[in-house]
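Participant: Got a sequence here, can you build the structure:
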Amino acid sequence: MMTGARLKMTAGLAFLAMTALSAALLVGFFGTLHPAFDSFSHFRIHFSVLMALLALPLLASSFRLQAAAGLLFAVACLATTASALPRLWPQPAVAKPAEQAVYSLLQMNLRFNNPTPKKVLSLIGRTNPDVITLDEVSQMWTTELGTIASAYPYRILCPYPNGMFGVALLSRRPFVAGTTPRCEPRGAMATATIDFGGIDVDVAAIHLSWPWPKEQYWQIGELAQTLAGLGGTAIMAGDCNAVPWSAAVRRVAALGGLTLMPSAGPTWIHRTLPDVLRRYAGLPIDQVFSKGGLTILSSQRLEDTGSDHLPVLVEFTLRPDAPRPVDEHETATVSLVQPVKPLG
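Facilitator: Sure thing, here's the model as predicted:
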């Protein structure tokens, strides 16, 4: 049994830890001032929960007033992440419009050295998405993805200098005639204009670097022109290595005039930890953005496929008044494949 002195010391240490967490939470709200502050924002959920757990027993100590204030602050911080909190029960089914075609996009960070590529290909076969955005496309994946070339003949693969972290965009539907898919510097982004039943949609795959002190902030600046150049109706998905409420993700959305989709939930955790922790204690860093005549109907995380990320499947519709090609029937008839340099 603890003596009075030890109880006071324990309460004092808990108070100091709670204070440190409150400081970390606070600076995370000032990510627009410096990317170092934004790095703290990514752990807002975790810091809030830890702070609340520390505050609860302190309510019975001499620090009760500080603990009450800390508990309220933790709850307020947690509320700012509500749209990305883990889903503890199935979402209600969304009624699909009867008079509009429903399309699907599958976002996957493949992991460059995934030991189970057949799981990925099996998932693609079962979900049968119209378009796929991929991250960490290594030389191994260039070969594996070749096996589904007949199902997804319209594609662009963008290598990364180190041969591991490229992006790719695969589509069942043709690229719009007269347009050319593009790779951005260092394989951080792939864009293509795809014909969805006569409606032009700019589709992009993006993969951002890690937050400060890594190069994420500067990389977003490098992509500013490409993001601003996305067409009037567009959808972009990828591993942003940033949470929905971060300054980094808000900056990406602002540069592209995009709306961020409500998060599907946590998608990443260190690969040595079990999948169940990824779903409920991971970070929601795989994002989907859209704009214009595109309406996202639903999103869901799928099963583990050997990556440290969970796949995200999105369903969407296109309004009939969305921009159309000059000639509705003119589409690309051959696969436009970005030349790929050897990776590795």
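
Participant: Okay, helices next: where are they in the chain?
Facilitator: 4-28, 35-41, 44-58, 64-79, 117-127, 139-145, 216-222, 224-228, 247-256, 275-281 (DSSP state H).

Participant: Mind putting those helices into TSV with distance to Ile235?
Facilitator: Heads up, the C-betas are built off the backbone N, CA and C, glycines and all. Output for the helices of the chain, formatted as TSV (distance: least, Cβ to Cβ, whole Å):
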stretch	distance to Ile235
helix 4-28	28
helix 35-41	25
helix 44-58	26
helix 64-79	28
helix 117-127	16
helix 139-145	20
helix 216-222	19
helix 224-228	13
helix 247-256	11
helix 275-281	24
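
Participant: Can you pull out the low-pLDDT segments for the stretch 51-200 of the chain?
Facilitator: Counting by pLDDT under 70, the stretch 51-200 of the chain shows low-confidence ranges at 85-95, 163.

Participant: how about 50 then?
Facilitator: Scanning the stretch 51-200 of the chain for pLDDT under 50 picks out nothing.

Participant: Tell me the pLDDT of the residue nearest the centre of the chain.
Facilitator: Ranked by distance to the mean C-alpha position of the chain (Cα atoms, centre = their mean), the top residue is Asp286 at 1.6 Å. For Asp286, the pLDDT comes out at 97.

Participant: Just want the phi and psi numbers for the residue nearest to it when sequence neighbours are not counted.
Facilitator: Leaving out its chain neighbours, the residue that sits closest to Asp286 by Cβ to Cβ, 6 or more residues apart in numbering is Thr267, at 4.3 Å. Per-residue torsions, Thr267: phi -130, psi -10 (degrees, to the nearest 10).

Participant: do you know how far Thr267 is from Ser307?
Facilitator: For Thr267, the distance to Ser307 (Cβ to Cβ, to the nearest Å) stands at 10 Å.

Participant: How about Leu169?
Facilitator: Counting by Cβ to Cβ, the separation of Leu169 from Ser307 is 18 Å.

Participant: and if you look at Lys8?
Facilitator: For Lys8, the distance to Ser307 equals 48 Å [Cβ to Cβ].

Participant: Arg250 now?
Facilitator: Counting by Cβ to Cβ, the separation of Arg250 from Ser307 is 26 Å.

Participant: The two: who's more crowded?
Facilitator: Ser307 (24 against 16; other Cβ atoms under 10 Å).

Participant: ok, back up a step: closest to Ile206 out of the helices of the chain?
Facilitator: Closest to Ile206 of the helices of the chain is helix 247-256 (Cβ to Cβ; 7.7 Å).

Participant: quick one: the closest one to chain centroid distance?
Facilitator: 13 Å (Cα atoms, centre = their mean, to the nearest Å).
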